[in-house]
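Novice: with the input below, show me the fold.
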Amino acid sequence: MTIINYASDGLYPELIALFRVVAHQGTVDRKAIIDLCYPGTPVDSTSQTRLRGALARWTDLGLFLTEAENLRIDERFGKRKRGESLEELTTRLPTACRTLMLEEPNCLPLWGEPPGTAADFVRGSAWLLAQDIYGLPTSWSDVEPLQSAQITADTKITENDVRWNGLRFWMRYLGFATGDSSSFQVDPTIAVKAELPSIFSTPSDLPAQEFITALASRLPVLDYGQYRQAVEEVLNPTTWRPPANEHLSMSLSLALRRLALDNVIRLEGKADAGTSYRLTGRGYRTWLGFESVRWMGGLS
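Specialist: Numbering: from 1, shown residues only. From the prediction side, this is the model:
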């Protein structure tokens, strides 16, 4: 099974259509859901295939639950806050998707037969987040030889151009990248920002190591995360350059630097705060070091 083969599994526009219909109705007849996504409009066979694929995959992942012939959204992700509109609920869908795609039952094993439903996304995103993001090619014809040169095990990160395009599509939606196909940029700022309230609870300081550990637990495709480490273990150290000691990857460094410049967080130096980390910039240049992180509160 896979999540990034958009030809048969759909992409987030199909998922959003399904999610909004079910969220609006509360429960929906499974047999009627495809027609309800496009009321009054003939649905071509390609659209039907993608909608059915998206429905199947996100039911497998646990977003949609089935009861007899009815479909509903898991209460963790479909219950509205007081006064919350359907549009506002939909803006929380990427967080729900990240949560589900990174849960162990949905993405393990990362390799083997059969791999987890979201294993292809997890492998691909962890690999891209570990790269020199400023020198990363965007076309599959250039990415494929880079991937082949870095892999030491008899396995693949991403198999073909269709899945490469699907991977980039989902990474943008889930907050791990920005840009379009020609300007694709690995950048987990949005995903990191979304996790800050859960890590801090209230505006406060955390030692750098505690913060990085908590972030890796919630987004395990980032530095020191379970899935990131599993992918790094199969990379050839002669062709893949890891961050220097006590340095964070370029991708996480970019996210933290952007959040600091936006005054969402403060990266502070405190001599008694314990372990320190340094941010890695373009060309593996050291940006700055910090021993603690302060969340300023809010989401903007």
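
Novice: can you give me the neighbour number for Glu14?
Specialist: Using other Cβ atoms under 10 Å, Glu14 is surrounded by 22 other residues. The C-beta positions use only the backbone N, C-alpha and C, and glycine is treated the same way.

Novice: where does the residue lying closest to it once chain neighbours are set aside sit: helix, strand or coil?
Specialist: Excluding the flanking residues, the one nearest Glu14 by Cβ to Cβ, 6 or more residues apart in numbering is Ala54, at 4.1 Å. At Ala54, secondary structure determined by DSSP: H, G, I helix; E, B strand; the rest coil is helix.

Novice: going forward, the N-terminal residue is numbered 350.
Specialist: Yep, numbering from 350; the last one is Ala403 now.

Novice: where's Ala403 relative to Arg643, distance?
Specialist: Distance, Ala403 to Arg643, using Cβ to Cβ, to the nearest Å: 40 Å.

Novice: ok, now Ala563?
Specialist: From Ala563 to Arg643 the distance is 14 Å (Cβ to Cβ).

Novice: count of neighbours near the nearest residue to Thr504 once chain neighbours are set aside?
Specialist: Of all residues not flanking Thr504 in the chain, Trp460 sits nearest, at 5.0 Å (Cβ to Cβ, 6+ apart). Neighbours of Trp460 under the rule other Cβ under 10 Å: 17.

Novice: and what of Phe368?
Specialist: The burial count for Phe368: 25, using other Cβ under 10 Å.

Novice: how about the contacts made by it?
Specialist: For Phe368, the contacting residues are 412, 422, 439, 442, by Cβ atoms under 8 Å, 6 or more residues apart in numbering.

Novice: pick out the most distant pair among those.
Specialist: Distance extremes for the contacts of Phe368: the farthest pair is Leu412 and Thr439 at 12.8 Å, using Cβ to Cβ.

Novice: and those two? Which one has more around it.
Specialist: Using other Cβ under 10 Å as the criterion, Leu412 and Thr439 rank with Leu412 on top: 25 against 13.

Novice: how much space between the more buried one and Ala372?
Specialist: From Leu412 across to Ala372, the span is 11 Å (Cβ to Cβ).

Novice: what touches both of those two?
Specialist: Ile422.
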